[in-house]
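Chemist: 3D model of this:
(4 chains)
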There are 2 protein chains.
Amino acid sequence: MTAEHLTERLESFVERCTDAGLSATHQRRVIYRVLAESEDHPSPEMVYERVRREIPSISQATVYNNIHKFVEVGLLEEVSKLHQTSRLDANMEPHHHLVCVDCKKVVDYYDAALDKARSRHREPHGFEIRRYHVEMHGLCPDCRTAEAN
Amino acid sequence: MTAEHLTERLESFVERCTDAGLSATHQRRVIYRVLAESEDHPSPEMVYERVRREIPSISQATVYNNIHKFVEVGLLEEVSKLHQTSRLDANMEPHHHLVCVDCKKVVDYYDAALDKARSRHREPHGFEIRRYHVEMHGLCPDCRTAEAN
DNA sequence: ATAAATGCAAAGGATTTGCCGTCAA
DNA sequence: TTGACGGCAAATCCTTTGCATTTAT
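Modeler: Numbering: from 1, shown residues only, chains lettered A, B, ... in the order given. The predicted model follows:
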């Protein structure tokens, strides 16, 4: 994140809130700035701690509620759409997953080209890669049909 | 999952337990069979419900504890290594993530070839893809160093 | 003015832990 | 026989909700 990008994001925040029908409260500005300044993909708890340095009276509920609002209006994304409950897989062969963002269905996905792509990435950023896992997030056929109504 | 693969997995289960120093208790056999028979990437709660049909007296703790053991010894995988607490990202540009399986650090990863790969997958299994996200799981440099001790 | 947002506290769901009795090897 | 395991219940962690008060527009 370059400084100019950060400034850009912060400046467009108020406008983006207005477009989304959200008032740009002091708490929201600080929560968003903390997130935009963070490089470490913080948890809600970490966001709460950082915001609390500036607004000691803020409550966890406000942080959680606004994170949800921000995700809804596209200001924010969750790294994994599958937190909250673990999802298990006894299939240990290399394969990938299609995840429905709506009903959280998980479908196995096999693709030789994806597996081949893995070899291009050896030790990215010094990581010793153990599992190369493509997660495609989208709407499953059932939820697409449901949404058409 | 073909029937023969399932049989294979079930038959090797006892052996794999022994190798890992785990006794193959009745509960563990049923928990593992339920998982190996499941195509839907069940949550611990769903595993508990299914096992309970056969062992009504089993406790949730046993299910949770054994799921952990199975993951440790490589009989099982979690679809996402990042559940339990949400991890947030204010960077809405398409990008990918390196996740440390040890310390849960998340690092952004940009790669043009990966983005190009996306176009090969249109509507896999009928999914309307909204986000094409590669999650590479491995050991970050810090944890590699720590593990060397 | 007024609909929305905040703070607080309690509730809820998911997961972990400690302890004691039981069972697999 | 005995160390590992299972069951139970309490504890903990993460997140959501209800409600009274305050605030942004």
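
Chemist: buried residues in stretch A:45-53?
Modeler: By neighbour count with 16 or more other CB atoms under 10 Å in any protein chain shown, stretch A:45-53 contains the buried residues A:46-48, A:50-52. For glycine as for every other residue, the C-beta is placed from the backbone atoms N, C-alpha and C.

Chemist: just the ones of these in helices?
Modeler: In this view, the buried residues of stretch A:45-53 that belong to helices under DSSP state H are A:46-48, A:50-52.

Chemist: now those residues as TSV including pLDDT and distance to DNA strand D?
Modeler: Below are those laid out as TSV (pLDDT from 0 to 100; distance: CB to the nearest atom of the strand, whole Å):
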residue	pLDDT	distance to DNA strand D
A:46	93	9
A:47	94	9
A:48	95	9
A:50	95	14
A:51	96	14
A:52	95	14
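
Chemist: re the thing from before, run through the buried residues of stretch A:45-53 and flag the ones next to chain B.
Modeler: Among the buried residues of stretch A:45-53, proximity to chain B is found for residue A:47 (CB under 8 Å from any CB of the partner chain).

Chemist: burial of the closest residue in space to residue A:114 that isn't next to it in sequence, as a residue count?
Modeler: Ranked by CB to CB, 6 or more residues apart in numbering or on different chains and with sequence neighbours excluded, the top spatial neighbour of residue A:114 is residue A:134, at 5.5 Å. Each residue near residue A:134 was counted by other CB atoms under 10 Å in any protein chain shown, and the total is 24.

Chemist: picking that back up, nearest to residue B:102, of the ones in helices among the buried residues of stretch A:45-53?
Modeler: residue A:46 (18.2 Å; CB to CB).

Chemist: re the thing from before, doesn't the residue nearest to residue A:114 lie inside a helix?
Modeler: No. If the criterion is DSSP: H, G, I helix; E, B strand; the rest coil, then residue A:134 is strand and not within a helix.

Chemist: surely it meets residue A:110?
Modeler: No. Using CB atoms under 8 Å, residue A:134 is not in contact with residue A:110; the gap is 10.7 Å.

Chemist: give the residues shared as contacts by those two.
Modeler: Common neighbours of residue A:134 and residue A:110, using CB atoms under 8 Å, 6 or more residues apart in numbering or on different chains, are residue A:96.

Chemist: domain assignment for chain A?
Modeler: Chain A breaks down into these domains under automatic domain parsing: A:3-88, A:94-148.

Chemist: flag the shaky bits of chain A, pLDDT-wise.
Modeler: Residues of chain A that meet the criterion pLDDT under 70 lie in A:1-4, A:82-83, A:149.

Chemist: determine the longest helix present in it.
Modeler: Under DSSP H, the helix in chain A containing the largest number of residues is helix A:3-20.

Chemist: report the buried residues of that helix.
Modeler: Within helix A:3-20, the residues scored as buried using 16+ other CB under 10 Å are A:9, A:13, A:16-17.

Chemist: kindly indicate which of the buried residues of stretch A:45-53 lies nearest DNA strand C.
Modeler: Closest approach between these and DNA strand C, by CB to the nearest atom of the strand: residue A:51, at 8.8 Å.

Chemist: which residues touch the closest one?
Modeler: Residue A:51 neighbours (CB under 8 Å, 6+ apart): A:27, A:30-31, A:34, A:58, A:63.

Chemist: which of these fall in helices?
Modeler: Reading helices off the contacts of residue A:51 with DSSP H, I get A:27, A:30-31, A:34, A:63.

Chemist: dump these to JSON lines, plus distance to residue B:73 and neighbour count.
Modeler: Below are the ones in helices among the contacts of residue A:51 laid out as JSON lines (distance: CB to CB, whole Å; neighbours: other CB atoms under 10 Å in any protein chain shown):
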{"residue": "A:27", "distance to residue B:73": "46", "neighbour count": "18"}
{"residue": "A:30", "distance to residue B:73": "45", "neighbour count": "20"}
{"residue": "A:31", "distance to residue B:73": "41", "neighbour count": "27"}
{"residue": "A:34", "distance to residue B:73": "40", "neighbour count": "21"}
{"residue": "A:63", "distance to residue B:73": "38", "neighbour count": "23"}
